[in-house]
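Colleague: have a look at this prediction, sequence included:
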Amino acid sequence: MRFARLALPALLCASLSAPLFAADTIDADDFVDEASAGGIAEIEGGKLALEKSSSASVKTFAQQMIDDHGAANRELAVLAREKKLEVATEAELMSKAKALILKLRDGENFDEAYANNQVAAHEKTIELFKEAAASDDKEIAAWATKTLPKLEHHLQMARDLAATHKKP
């Protein structure tokens, strides 16, 4: 499994034009596993931010991550079932997600840590989705390509949030 490549997930503006050279790709099963677990980590990290943060901007961002990644995971689960790909159980995904969430620091630095983690997570997630967009599996490639703009938007939002919460 290549799950370890994902930080606390999770997305948005890079060009998806055809590469001049063969791009790295990912197996459909591995993509479904990594993308699902990353989505769960985004949702659980967002829930944690809603509880621990006192910042309205962090809470707004966290709620959007919960909503968007929840919708993406539901779409991916449908696609995976249609393709007869094995989807990890909620318990398996939560176990992987919790390992990622533990990287968030507690206390007064929470907002800064959460924002910085979101930047790193979305950078890794975009890399994963670009690999999937180059996949030989047409349905997986199409879904990853369709989802990339939202992920890239999330990355820009995370960068803005990190800039706002950066300690001097």
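Modeller: Noted; the coordinates are in hand.
Colleague: hmm, residue 72 is touching residue 147, no?
Modeller: Yes - using CB atoms under 8 Å, residue 72 is in contact with residue 147, at 6.0 Å. Glycine gets a C-beta too; all of them are placed from N, C-alpha and C.
Colleague: please, which helix or strand holds residue 24?
Modeller: In this assignment (DSSP states H and E), residue 24 forms part of neither any helix nor any strand.
Colleague: and the pLDDT at it?
Modeller: For residue 24, the pLDDT comes out at 78.
Colleague: cool, residue 167 as well?
Modeller: At residue 167, pLDDT is 79.
Colleague: please tell me how far residue 133 sits from residue 149.
Modeller: Distance of residue 133 to residue 149, given as CB to CB, to the nearest Å: 11 Å.
Colleague: what's the answer for residue 114, then?
Modeller: 23 Å.
Colleague: the more surrounded of the two?
Modeller: residue 114 (27 against 14; other CB atoms under 10 Å).
Colleague: which element is the more buried one on?
Modeller: helix 110-133.
Colleague: buried ones in that helix, by neighbour count?
Modeller: 110-126, 128-133 (16 or more other CB atoms under 10 Å).
Colleague: quick one: list the elements packing against it.
Modeller: Judged by 3 or more CB pairs under 8 Å, 6 or more residues apart in numbering; DSSP states H and E, the packing partners of helix 110-133 are helix 28-52, helix 56-82, helix 138-164.
Colleague: out of those, which one sits most buried?
Modeller: Stretch with highest mean neighbour count among the helices and strands packed on helix 110-133: helix 28-52 (a mean of 23; mean count of other CB atoms under 10 Å).
Colleague: counting by contacts, list what that helix packs against.
Modeller: Checking 3+ CB pairs under 8 Å, 6+ apart, helix 28-52 ends up next to helix 56-82, helix 90-101, helix 110-133, helix 138-164.
Colleague: dump those helices to CSV, plus distance to residue 29 and mean pLDDT.
Modeller: Shown next, in CSV, are the helices and strands packed on helix 28-52 (distance: least, CB to CB, whole Å; pLDDT from 0 to 100):
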stretch, distance to residue 29, mean pLDDT
helix 56-82, 9, 95
helix 90-101, 14, 63
helix 110-133, 11, 92
helix 138-164, 10, 96
